[in-house]
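Student: Turn this into a model:
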Amino acid sequence: MPASGEATTQDVNYYSGNIIQENGEVVLQDPVTKVIHKLDDPAKAKGYIGKRVKITGKLDTNTNVIRVEKIEAAE
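Tutor: Residues are numbered from 1 along each chain as shown. Coordinates of the predicted model:
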């Protein structure tokens, strides 16, 4: 168990979903589960609002924020 305040991140993974704007923030929404993930750099995703994407990155499980390494349009 990590010490209090310590970030807990998973290994690099792929996340797919729709980029939406919610409460003024650009986020990734899973269309099936409706789970919302914040992005560490939402500016990278601004051009994809309203589109389906695939994100390569690491999920910080404490904050539910994806540390985006790469973002691309899903096929």
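
Student: Count residues in the vicinity of residue 19, would you?
Tutor: As a burial measure, residue 19 scores 23 neighbours (other C-beta atoms under 10 Å). C-beta coordinates here come from the backbone N, C-alpha and C atoms, glycine included.

Student: who touches it in this structure?
Tutor: By C-beta atoms under 8 Å, 6 or more residues apart in numbering, the contact list for residue 19 reads 26, 27, 28, 29, 45, 48, 49, 50, 51, 53.

Student: Now flag whichever of these is closest to residue 38.
Tutor: Nearest to residue 38 among the contacts of residue 19 is residue 27, at 5.5 Å by C-beta to C-beta.

Student: what about residue 25, distance to residue 61?
Tutor: Computed as C-beta to C-beta, to the nearest Å, the residue 25 to residue 61 distance reads 19 Å.

Student: just residue 42 next, same as before
Tutor: Residue 42 sits at a distance of 19 Å from residue 61 (criterion: C-beta to C-beta).

Student: So which of those two has more stuff around it?
Tutor: Taking neighbours as other C-beta under 10 Å, residue 42 and residue 61 compare with residue 42 leading, 17 against 12.

Student: That one contacts residue 28, correct?
Tutor: No: between residue 42 and residue 28 there is no contact under C-beta atoms under 8 Å: 9.7 Å.
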